[in-house]
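# Pasting the sequence and the predicted coordinates here, then a few questions.
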Amino acid sequence: MKRLFLLFAFMVLQSVAVFPQGCSDAGICSLDSYVHDNNTFKNIISISPGYAVGDADVTYLTGALSYTRIVNPKWTLNGRVTYSQAEGSFGTRGQFGDAFATAAYIVKQKELSHWIVNFGAKFPFTQSNLKINGFSLPMDYQASLGTFDALAGVNYVYASLSLSASVQYPVININKNSYIAEFSGTDDFTTTNLFERKPDALLKGEYNYSIGRFNIRPSALFIYHLDEDSYEDIFGNRQEINGSEGLTVNGALEITYSADNRNSIELLAATPFVVREERPDGLTRGLVLTISYNYKF
């Protein structure tokens, strides 16, 4: 059972790992959210295509490939690569987004409860300045936020309940976005020229219920953006974006079907119930649907 609870921790850290890429849009908060305990297999490969709907009728086709290694009953490692294609009034543009490297370690274990420490990093594949026909695109069309991030969290598991707290801190900003709303002909998106974002903090609660070959996991996520984001205006002055600090509350439901000890399929549906007044980072998904195939060996 140690492996079961250790892999629960990846739900926490991976949620944090991608909430600038996911939790704020209620989408990829389920990265490696749950894997059935199995003493035979120590490796898991997951393929996760998805679909999402954002503001201004922007739609997304997403994908992710992840590998999990169960090193021993206390240590689990994970690597993940993401892809996102956005389609809307500006056109269609796709790009690999980020790579994530995370680890989970059990530091305290009792009969029914576990404490798990999570840590890792996010590495962007793009500087968030994808264009179409030479025209700058808002952050809603970008596959990454263009930051190298540090991730840390703690997870408490008691029986079927999992509670977690995590933080994501941008360490290095390589964002070169050049979108200026005044030159775009629309007011659907906020100016994000040379965008700089602030850290996020996450609280998450999840309940795990199994029946036969099915595992059902409803969850609630509370993500607080800790300060106002900013951009550089046409005069070279940095401007804070009022309303970009604040709370996002997401709800998600994950259902996993295990065909056998090796193969399982996971369905995720997620949506936000509370959003920030301004979301210049482009994390505006109102609905996210994802299906994942997991293979153990």
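Yep, it's here.
# Please count neighbours and contacts with C-alpha atoms only from this point.
Will do.
# which parts of stretch 251-268 are buried?
251-258, 264-268 (16 or more other CA atoms under 10 Å).
# Residues in contact with it: which ones?
The contact list for stretch 251-268 (CA atoms under 8 Å, 6 or more residues apart in numbering) reads 26, 30, 38, 213-221, 269-273, 288-297.
# Out of the residues you listed, which end up buried?
26, 30, 215-221, 269-272, 288-296.
# Which of the contacts of stretch 251-268 fall within strands?
Among those, DSSP state E puts 214-221, 269-273, 288-296 in strands.
# Adjacent strands (with direction) for the longest strand seen in the chain?
Ranked by residue count under DSSP E, the longest strand found in the chain is strand 91-109. Its sheet considered, strand 91-109 pairs with strand 75-88 (antiparallel), strand 113-124 (antiparallel) by DSSP bridges.
# now these as CSV including mean neighbour count and mean pLDDT?
Formatted as CSV, the strands paired with strand 91-109 follow (neighbours: other CA atoms under 10 Å; pLDDT from 0 to 100):
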stretch, mean neighbour count, mean pLDDT
strand 75-88, 20, 95
strand 113-124, 22, 92
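# Of these, give the one that comes closest to residue 189.
Of all these, strand 75-88 sits nearest to residue 189, with 12.2 Å by CA to CA.
# Where do the helices of the protein begin and end?
Using DSSP state H, the helices of the chain run over 2-18.
# For residue 168, give its distance to residue 70.
Note on residue 168: its distance to residue 70, by CA to CA, to the nearest Å, is 24 Å.
# of the two, who's got more company?
For residue 168 versus residue 70, the count of surrounding residues by other CA atoms under 10 Å is larger for residue 168: 27 against 19.
# from what I can see that one touches residue 199, true?
Yes. If you go by CA atoms under 8 Å, residue 168 and residue 199 touch, sitting 5.7 Å apart.
# Now distance to residue 95 too, for the strands paired with strand 91-109, in a markdown table please.
Conversion of the strands paired with strand 91-109 to a markdown table gives the following (distance: least, CA to CA, whole Å):
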| stretch | distance to residue 95 |
| --- | --- |
| strand 75-88 | 6 |
| strand 113-124 | 11 |
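# Any regions of the stretch 1-150 of the chain where pLDDT drops low?
By pLDDT under 70, the weakly predicted segments of the stretch 1-150 of the chain are 1-38.
# in the sheet, who's paired with residue 267?
Going by DSSP bridges, residue 267 forms beta bridges with residue 255, residue 291.
# distance of it from residue 288?
11 Å.
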